[in-house]
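J.: got a structure for you, letters missing:
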């Protein structure tokens, strides 16, 4: 079962977030539900569908002018969970605002819009309220995910759902002060190999697929809301108004929520697990899907990595 739809999150500015929902192939009634976010800020949730944990991937073949072909991803996380892929912040993917002022969001305001989205989504799909719920993503999403988690947990304390369990972040940004100071030492320690040509080709395939009128009609994209689809939009009036997300991580893990961060394969105190995907790139699930699938499955099943 696949659902593709808009959800309004701000009536004043007419802001609507676009999402793709793919139901679990294994046990949708009892299996976990994951909200999967992408980086940027400004990258489309469609990146997660075809490049990371989603059920489809592009066939890498010479372009002949036809619509790029999609095939089943044998390492899709939908084999173990139902997944919501969300275009956030507004302006990314097919999410839009009627009022130009609606695009002026930041770490806090966009996170609150995600929480509003979830409240409405679960209200429309109450059968998933009893499923374990996780929030996951990579890169810049790793900064806002603990913020979103914190807001959700505060709602749960007020006896609001969903059944929140924990979060998953890959190569997460925490804040420029910490991240920038450790880039050189970390790069020296792990060694970095560029996949620039390979990545640019896959980016081109997603662009060709999304600008096709048949694709837009199938996805029921509202005409006049988004011009040219771009996988990762730059230049959005997005404000990075959270200097560091470390405190959010601390509050959540000490509050009983599980956390998986793709680094060292060691289980730390306070439900915090770090794991390394050997040979992986910046978005390691995208570059190493087999290893990423094994890691995610074991963690969701509460097994040691």
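T.: Perfect, I can see it now. This is a predicted model, so every value here is computed, not measured.

J.: how many neighbours does residue 219 have?
T.: Residues lying near residue 219 (other Cβ atoms under 10 Å) number 14. Placement of C-beta: from N, CA and C, glycine included.

J.: which stretches of the stretch 1-150 of the chain form helices?
T.: For the stretch 1-150 of the chain, the helices defined by DSSP state H, counting those that start in this stretch occupy 46-47, 107-124, 141-157.

J.: after the helix or strand hosting residue 206, which helix or strand is next?
T.: Using DSSP states H and E, residue 206 sits within helix 196-211. Next along the chain after helix 196-211, taking DSSP H and E as the criterion, comes helix 213-219.

J.: pull the residues that contact that next one.
T.: By Cβ atoms under 8 Å, 6 or more residues apart in numbering, the surrounding residues in contact with helix 213-219 are 4, 67, 94, 209-210.

J.: what's the closest of those residues to residue 77?
T.: Residue 77 has its nearest neighbour among those in residue 4, at 18.1 Å by Cβ to Cβ.

J.: sorry, back to before: which of the contacts of helix 213-219 are buried?
T.: By neighbour count, with 16 or more other Cβ atoms under 10 Å, the contacts of helix 213-219 hold 94, 209-210 as buried.

J.: any idea which of those is closest to residue 273?
T.: residue 94 (33.7 Å).

J.: which one of the helices of the stretch 1-150 of the chain is the most hemmed in?
T.: helix 46-47 (a mean of 26; mean count of other Cβ atoms under 10 Å).

J.: from the contact counts, what lies against that helix?
T.: When contacts are defined as 3 or more Cβ pairs under 8 Å, 6 or more residues apart in numbering; DSSP states H and E, helix 46-47 packs onto helix 196-211.

J.: pLDDT averaged over the helix it packs on - what is it?
T.: Taken as a whole, helix 196-211 has a mean pLDDT of 61.

J.: I'd like the helices of the stretch 1-150 of the chain as TSV, with distance to residue 249 and mean pLDDT appended.
T.: Shown next, in TSV, are the helices of the stretch 1-150 of the chain (distance: least, Cβ to Cβ, whole Å; pLDDT from 0 to 100):
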stretch	distance to residue 249	mean pLDDT
helix 46-47	24	91
helix 107-124	14	95
helix 141-157	5	87
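
J.: residue 33: which of these is closest?
T.: If we rank those by Cβ to Cβ, the stretch that ends up nearest is helix 107-124, at 9.0 Å.

J.: nearest residue to the middle of this structure?
T.: Residue closest to the average C-alpha location in the chain (Cα atoms, centre = their mean): residue 37, at 1.5 Å.

J.: what are the bridge partners for that one, then?
T.: Here residue 37 shows beta-bridge partners residue 137, assigned using DSSP bridges.

J.: my guess is it meets residue 88, correct?
T.: Yes: using Cβ atoms under 8 Å, residue 37 is in contact with residue 88, at 6.5 Å.
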